[in-house]
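Sequence isn't available, so here's the structure alone:
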């Protein structure tokens, strides 16, 4: 017998919050109610909230980009995930130039399998629209990789032209997969960057001015138009949406029956681009960049109206040394590796700035951070605490305040972009398949103890 009983907690279910006991047997939720059965272990969750484990659908572990590899490999990155109540990550396979995506899949599995302490699934980046890449779509879906990321930015590296985007989306849709899109007009980004550098404008804040809101909005409008030409079988998923206008574009297509969805991250709900102006502005360089307060407010309002489908983190971690290119001074903004930490702070940021301030309900928080990503990425037994689902669980004390410090977090860097913020909602206990894997900040799982979870296409 491998039973766990959680007593007296407030359980967040799709129908709302209920104060009941939750019984776990063999890694699954067995029953919910007033339970007096014996169990191997009993947790008293009086006064606590019990949520489904989060699913972070957007991470980059051991990721090669801009001549660097992220500081978090799958060990450090999944420790950070568990520390934040994330029990499953969905990471991006990134083929090298000319590499067959099927070979990249095998390489990613070999990197992840020996190191993960959380469950994980995979997307695949298609950096070309050639026959080799498109022929890999169906075999990858058969291996549980059902979502594919395409880029409209990063010329000579990842950018696909409109014809290649069309061909790739059509092939992905033909097999029932999901197209994830990085929507920025790369040609305009490159042109504006060239102009800013020519004027000597090299500080981190100019990263924002090189990628203004319109480069995302234009790309969102263009990709929605291209995808709509292919038909309503397309599932289009815009990652790291930073403007409310992009959400509005996709909403109008949904009204016409298209399956177009937006993801955003807590970064875009928390800070405006003024963070790029400080002493440590280089730490905040990511793409798309932090925006204006008007965009922050607009995204919160769309989140409250259920128009944003998924909350990811875009966890892509570089050390100070990597960000500064191992120099004493900060390099020009276009040379700073793009990315910020985030998987460990999704829950407390949403809980504190969303739920506690009355902007979103607890049910909405759970939907965007757990239930919806499970549906979108075909993780059949996750994202819910109803009987029969995986017992992936987060227990939080809603009254306990934390002051964020990198020392309490688990990433392999010595800073947090949220350093000093006072937040509620950091997990006390994270449970994965019925086993405690994190308690009071201490990781209890060992490297390689968790597994790859293949996505399944909905029939």
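Alright, I've got the coordinates. Note that the structure is a prediction, hence the values are computed from the model and not measured.

Could I get the full set of helices for the stretch 251-400 of the chain?
267-270, 293-304, 320-323, 346-350, 362-366, 372-376 (DSSP state H, counting those that start in this stretch).

buried sites along the fifth one?
By neighbour count with 16 or more other C-beta atoms under 10 Å, helix 362-366 contains the buried residues 362, 364, 365, 366. For glycine as for every other residue, the C-beta is placed from the backbone atoms N, C-alpha and C.

for the fourth one, same thing?
Applying a neighbour-count criterion of 16+ other C-beta under 10 Å, one finds 346, 347, 348, 349, 350 buried in helix 346-350.

Distance of the fourth one relative to residue 400?
Looking back up the chat, that one is residue 349. 15 Å (C-beta to C-beta, to the nearest Å).

Residue 390: what's it in contact with?
27, 28, 29, 53, 381, 382, 433 (C-beta atoms under 8 Å, 6 or more residues apart in numbering).

now with 7 Å?
Residues counted as contacts of residue 390 (C-beta atoms under 7 Å, 6 or more residues apart in numbering) are 27, 28, 381, 382, 433.

and the closest residue to it other than its chain neighbours, what pLDDT?
Excluding the flanking residues, the one nearest residue 390 by C-beta to C-beta, 6 or more residues apart in numbering is residue 381, at 4.6 Å. You'll see residue 381 listed with a pLDDT of 96.

care to break this protein down by domain?
The chain breaks down into these domains under automatic domain parsing: 3-51+386-399+423-443, 53-376.

distance between the longest one and the chain's centre?
When you say that, I think you mean domain 53-376. 7 Å (C-alpha atoms, centre = their mean, to the nearest Å).

Next: stretch 451-459.
17 Å.

The domains of the chain: which one's closest to residue 413?
Nearest to residue 413 among the domains of the chain is domain 53-376 (5.0 Å), distances taken as C-beta to C-beta.

Now do the end-to-end distance for the closest one.
16 Å (C-alpha to C-alpha, to the nearest Å).

Can you tell me which of the helices of the stretch 251-400 of the chain is most buried?
The highest mean neighbour count among these, using mean count of other C-beta atoms under 10 Å, belongs to helix 346-350: a mean of 26.

could the contacts of residue 390 be laid out in TSV, adding neighbour count and distance to residue 187?
Formatted as TSV, the contacts of residue 390 follow (neighbours: other C-beta atoms under 10 Å; distance: C-beta to C-beta, whole Å):
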residue	neighbour count	distance to residue 187
27	17	49
28	15	50
381	17	43
382	24	39
433	20	46
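
For residue 451, which residues are in contact?
Counted by C-beta under 7 Å, 6+ apart, residue 451 has contacts residue 119.

for the one 4 residues further on, same thing?
Applying C-beta under 7 Å, 6+ apart, one finds that residue 455 lies in contact with 121, 144, 145, 146, 377, 378, 379.

Could you do residue 163 as well?
Per C-beta under 7 Å, 6+ apart, neighbours of residue 163: none.

looking at this, it is in a helix?
Yes. Under DSSP: H, G, I helix; E, B strand; the rest coil, residue 163 sits within a helix.

Done for today, thanks.
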